[in-house]
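Fold the following.
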Amino acid sequence: MFPSLKFDELAWSHLRALNGDNTENVTKLVQHLGVLNDQAPAIWAENTETIDRQSALGSFGITASPEGSNTRRNTRKMRMRDFTIDDTLVRCEWHTKLRPNINRVYFAVKEAEVYVGVIIDHLPT
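Below you'll find the model as predicted:
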């Protein structure tokens, strides 16, 4: 369904723990993964600034951001965003937000590849 996305082997293991209505979660998740699949490589290639990437994703109805400075300063918490996908260690600190305060898709874009580390309510910040 998302041929351009590469998933960690446990990326889907937290779906049952997402908060809120399952139908709404599935609808939003498919939308978010579709935009990441279809648009993220081009967005990352054309934009280097965080605000520009956020704006471009926003034009497709996706709210996303990288981790904030407090989380980035915490080595333990940042390691929780490290995933091995196709034998490559990838830090998935960007995340889309299915809802403003819950339900995240943690991802990274590297060299036109989109990696999804985990789909989860929220990693510790």
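
I figured Ala11 hits Gly117, correct?
Yes. The pair Ala11 / Gly117 is scored as a contact, 6.4 Å apart, by CB atoms under 8 Å. Heads up, the C-betas are built off the backbone N, CA and C, glycines and all.

Number of residues surrounding Ala108?
A count of nearby residues for Ala108, using other CB atoms under 10 Å, gives 23.

Go through the protein and flag its longest helix.
For the chain, the helix with the greatest residue count under DSSP state H is helix 22-46.

Name the residues of it that are buried.
For helix 22-46, burial by neighbour count (16 or more other CB atoms under 10 Å) applies to 25, 28-29, 32-33, 35-37, 39-41, 43-44.

on that earlier part again, where do the contact lists of Ala11 and Gly117 overlap?
Phe83 (CB atoms under 8 Å, 6 or more residues apart in numbering).

Between these two, which is the more surrounded one?
For Ala11 versus Gly117, the count of surrounding residues by other CB under 10 Å is larger for Gly117: 27 against 22.

how about the more buried one, secondary structure?
Three-state call for Gly117 (DSSP: H, G, I helix; E, B strand; the rest coil): strand.

And the closest residue in space to it that isn't next to it in sequence, its phi and psi?
Nearest residue to Gly117, sequence neighbours excluded (CB to CB, 6 or more residues apart in numbering): Cys92, at 3.3 Å. For Cys92, the backbone dihedrals (degrees, to the nearest 10) come out as phi -100, psi 80.

Who are the contact partners of Cys92?
Neighbours of Cys92 in contact, by CB under 8 Å, 6+ apart: Arg81, Asp82, Phe83, Tyr106, Phe107, Ala108, Tyr115, Val116, Gly117, Val118.
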